[in-house]
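Chemist: 3D, please:
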Amino acid sequence: MSTFLPAPPGPATATADGAPRARHSGPRAEGDRLARQLVRRTDAHGALRHLRALRSIAERSGGTRAAGTRGHERSARYAGALLKAAGYRVTYQRFDFVHRRTLAEKLTLHGSPRREVPVRLMSYTKNTPEGGLTAPLAAVPVDADGSTGCEARDYTGARYGGRIALIRRGSCSFAQKQAAAADAGAVGALIYNTGQGELSGTLGKPSAARIPTAGLARSDGEALAKRAAASGGATVTLDVREHRERRSTPNVLAETPWPADGRKAAGAERGTDGKSDGRAEGTADGEAGRKTEGKGDGKADRKADVVMIGAHLDSVPEGPGINDNASGSSGVLETALRLADATRQTHRRPPHPVRFALWSAEELGLQGSRHYVDALSRSERDSIALYLNFDMIASPNYGIFAFDGDDSDHTGAGPGPKGSAALEKGLTDFLAGRGLATRGTDFDGRSDYGPFIEAGIPAGGTFTGGDGIKTAEERQLWGGTAGKPYDSCYHRPCDTLKNIDMRALDANVKAIADAAGHYAWDLGPLPARRSTASAPGRTATRPTERPATGPYRGPHLIR
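Modeler: Residues are numbered from 1 along each chain as shown. The predicted model follows:
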């Protein structure tokens, strides 16, 4: 039975001339009221029950919840069942993707002493022969602006034919770097990090692969560059191979049953059984096909505008992914359930539908959210008023970051589409009201807001840090340990319940709840949507074409 109930006529009082007057003072006041109710009832302890359930699913599924595995399928069914029971129209939007399994991942430095160097293959790499590829190293010089290996001119003045190019990360995609190295005659590419830790990257798609390509930690890359420049140079054996096969995986989409017009979640095509054609599960009894008038529920010309809130549900293959990103998906799921409770108890339905999304295959390059956005018609895209994304919201050495919608930080990519600045302000104002300082984080295209921004949809969200390093200034703001990663278990088997900071989780879960309550009733300064491929002043590029700045996302970076 649905926990959503139709909205009865609101109580009224009489005006001076005897005309009825609504007790409620308008959509803004209604939004404030709902937001306060949701914030009171939505907290880290509610999200924790989902974290425990997802941990249990991972433990019963080989230690992972990666897309295309039993762990993710069970995670999707767990969330979908709760949302359906709460009265949401639930759609499992299944799509195909390339599932990868590492066969070899090894780099050997020859000489005295001979040693193994930790290396991570770039997904979709061209495989080396079994046993590896042996060749001399050739380090690509770093330009004064820090860029390297992106263009043909970077490879002039040195010999790369028959060698493995050693390239510093930065300025362009890994796919572009290995392609430029291949054009210069290189037979392999090693790309080393500019930040901390090993570099896990992707070439984006199989067709991009030209030569075997792998990532290294910064310290190892710099040490190899010195060896390559020394008398006698350096010779290495690179062995990177992966098996690829096509699999399918579902996004979970859940929409409130208002307005009750029986529509499916936009962009949905077929369910998890592979047979349904956009069929939505869990429609509230007696609701389908009936118009919702919602008099007094908001501006008539904005009723079709949909509020979207999402997080990715999949983990990396290496672990259960409890902070990344069971934390964000649990916060979104708990908010959805409390929103259902609130509308049932108050008998008040907001004018704007709220669509919750739990994406799959984010860790493989935002494939779930991209599939969803690409499947939307122009009118369906225009009906989405905003998208809020929550990825890693409980890092143990956390920061409190909000996506920089207005580019006030002047870092990396430009501002988000019009309306993104208002989303950022809404989140930072709420957190400030709870005594929490925030800092901006760049729209670097590495999480599921990316496809929405490319479509010109206002976007925002929060983030508590991945394997970036906390600064001394940030320690003054939030505590924790300076000089250490925000999440030292990022993409590792130790990303378990012990990796969750409950204070960070609580703050961010309540931020999700506050946003859901306000925007369901009142879109405030957000602009009416128009058909557009991108935001004014912003090129609708793929994430691979954006600058290499901002905190890390996904196990497989693209630049």
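Chemist: Pull the contacting residues for the nearest residue to residue 155 once chain neighbours are set aside.
Modeler: In this structure, residue 155 finds its nearest non-sequential neighbour in residue 184, 3.7 Å apart by CB to CB, 6 or more residues apart in numbering. Backbone N, C-alpha and C define where each C-beta goes, glycine included. By CB atoms under 8 Å, 6 or more residues apart in numbering, the residues touching residue 184 are 152, 155, 160-161, 165.
Chemist: Give the helix, strand or coil label for the most centrally placed residue in the chain.
Modeler: Closest to where the C-alpha atoms of the chain average out (CA atoms, centre = their mean) is residue 447, at 3.0 Å. Following DSSP: H, G, I helix; E, B strand; the rest coil, the label given to residue 447 is coil.
Chemist: Could you tell me what pLDDT the model assigned to it?
Modeler: On the pLDDT scale, residue 447 is placed at 91.
Chemist: isn't it right up against residue 366?
Modeler: Yes. Using CB atoms under 8 Å, residue 447 is in contact with residue 366, at 7.2 Å.
Chemist: Tell me which stretches of the stretch 401-550 of the chain form helices.
Modeler: Ranges of helices in the stretch 401-550 of the chain, per DSSP state H, counting those that start in this stretch, are 420-433, 449-454, 472-478, 502-521.
Chemist: would CSV of those with distance to residue 40 and mean neighbour count be doable?
Modeler: Formatted as CSV, these follow (distance: least, CB to CB, whole Å; neighbours: other CB atoms under 10 Å):
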stretch, distance to residue 40, mean neighbour count
helix 420-433, 14, 20
helix 449-454, 28, 26
helix 472-478, 24, 15
helix 502-521, 9, 25
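Chemist: where do the helices sit along the stretch 101-250 of the chain?
Modeler: Using DSSP H, counting those that start in this stretch, the helices assigned to the stretch 101-250 of the chain run over residues 174-183, 218-229.
Chemist: quick one on the thing from earlier: which among the helices of the stretch 401-550 of the chain is found nearest to residue 68?
Modeler: helix 449-454 (19.8 Å; CB to CB).
Chemist: Poorly predicted segments of the stretch 201-350 of the chain, please.
Modeler: 259-304 (pLDDT under 70).
Chemist: now do the chain
Modeler: Within the chain, the segments meeting pLDDT under 70 span 1-25, 259-304, 530-559.
Chemist: how does it divide up, domain by domain?
Modeler: 25-88+303-545, 103-245 (automatic domain parsing).
Chemist: Among these, show me which one is buried the most.
Modeler: Among the domains of the chain, the stretch with the highest mean neighbour count (mean count of other CB atoms under 10 Å) is domain 25-88+303-545, at a mean of 22.
Chemist: what's the spacing between stretch 389-398 and its chain's center?
Modeler: Put simply, stretch 389-398 sits 11 Å off its chain's centre (CA atoms, centre = their mean, to the nearest Å).
Chemist: Send over it as PDB, restricted to the C-alpha atoms.
Modeler: Taking Å, rounded to 0.1, in the frame of the first residue of the first chain, the C-alpha atoms of stretch 389-398 are listed here in PDB:
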ATOM      1  CA  ASN A 389      24.400  14.800  -7.100                       C
ATOM      2  CA  PHE A 390      25.800  13.200  -3.900                       C
ATOM      3  CA  ASP A 391      29.000  11.200  -4.200                       C
ATOM      4  CA  MET A 392      31.100  10.200  -1.200                       C
ATOM      5  CA  ILE A 393      29.400  12.200   1.600                       C
ATOM      6  CA  ALA A 394      31.000  10.500   4.700                       C
ATOM      7  CA  SER A 395      34.800  10.500   4.200                       C
ATOM      8  CA  PRO A 396      36.600   9.700   7.500                       C
ATOM      9  CA  ASN A 397      39.000  12.700   7.200                       C
ATOM     10  CA  TYR A 398      36.200  14.700   5.600                       C
END
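Chemist: Bridge partners for the closest residue to residue 117 other than its chain neighbours, pull those for me.
Modeler: Excluding its sequence neighbours, the residue lying closest to residue 117 (CB to CB, 6+ apart) is residue 107, at 4.5 Å. Beta bridges link residue 107 to residue 117, residue 238 when assigned by DSSP bridges.
Chemist: In this structure residue 107 contacts residue 192, no?
Modeler: No. Using CB under 8 Å, residue 107 is not in contact with residue 192; the gap is 11.2 Å.
Chemist: so what sits against both of these two?
Modeler: Going by CB under 8 Å, 6+ apart, residues that sit against residue 107 and also against residue 192 are residue 216.
Chemist: if we take the contacts of residue 184, which one ends up nearest to residue 119?
Modeler: residue 165 (14.3 Å).
Chemist: and residue 373, what element?
Modeler: Following DSSP states H and E, one finds residue 373 within helix 367-375.
Chemist: Dump the contacts of residue 184 into JSON lines; add distance to residue 27 as well.
Modeler: Shown next, in JSON lines, are the contacts of residue 184 (distance: CB to CB, whole Å):
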{"residue": "152", "distance to residue 27": "57"}
{"residue": "155", "distance to residue 27": "59"}
{"residue": "160", "distance to residue 27": "62"}
{"residue": "161", "distance to residue 27": "67"}
{"residue": "165", "distance to residue 27": "58"}
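Chemist: Most widely separated two among those?
Modeler: The most widely separated members of the contacts of residue 184, counting by CB to CB, are 152 and 161 (13.8 Å).
Chemist: Tell me how far the residue nearest to residue 117 lies from residue 220.
Modeler: According to CB to CB, to the nearest Å, residue 107 stands 9 Å off from residue 220.
Chemist: Now list whatever residues contact both of the two.
Modeler: Counting by CB under 8 Å, 6+ apart, the shared contacts of residue 107 and residue 220 are 117-118.
Chemist: thought residue 244 was touching residue 206?
Modeler: Yes. Between residue 244 and residue 206 there is a contact at 6.8 Å, judged by CB under 8 Å.
Chemist: Could you tell me which residues touch both of these two?
Modeler: Common neighbours of residue 244 and residue 206, using CB under 8 Å, 6+ apart, are 98, 124.
Chemist: Going along the chain, name the strands of the stretch 151-300 of the chain.
Modeler: Counting by DSSP state E, counting those that start in this stretch, the segments of the stretch 151-300 of the chain that form strands are 164-168, 188-192, 213-216, 235-255.
Chemist: now those strands in CSV, with distance to residue 29?
Modeler: CSV is the format used below for those (distance: least, CB to CB, whole Å):
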stretch, distance to residue 29
strand 164-168, 55
strand 188-192, 54
strand 213-216, 52
strand 235-255, 25
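Chemist: Relative to residue 129, which of the ones you listed is closest?
Modeler: Counting by CB to CB, residue 129 lies closest to strand 235-255 out of the strands of the stretch 151-300 of the chain; the figure is 8.5 Å.
Chemist: CA-only coordinates of that closest one in CSV, if you can.
Modeler: The C-alpha trace of strand 235-255 is given here as CSV (Å, rounded to 0.1, in the frame of the first residue of the first chain):
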residue,chain,number,x,y,z
THR,A,235,64.3,-0.6,-20.0
VAL,A,236,61.0,-2.0,-18.7
THR,A,237,58.6,-4.8,-19.3
LEU,A,238,55.0,-3.8,-19.3
ASP,A,239,52.3,-6.5,-19.0
VAL,A,240,48.8,-5.1,-19.0
ARG,A,241,45.8,-7.2,-20.2
GLU,A,242,42.1,-7.3,-19.5
HIS,A,243,39.2,-9.4,-20.6
ARG,A,244,36.1,-7.5,-21.8
GLU,A,245,32.5,-8.7,-22.3
ARG,A,246,29.1,-7.1,-22.6
ARG,A,247,26.8,-7.2,-19.6
SER,A,248,23.7,-5.3,-18.5
THR,A,249,23.0,-3.4,-15.4
PRO,A,250,20.1,-1.2,-14.1
ASN,A,251,19.7,2.3,-13.0
VAL,A,252,17.0,2.6,-10.3
LEU,A,253,14.6,5.5,-11.0
ALA,A,254,11.8,6.4,-8.5
GLU,A,255,9.4,9.3,-9.0
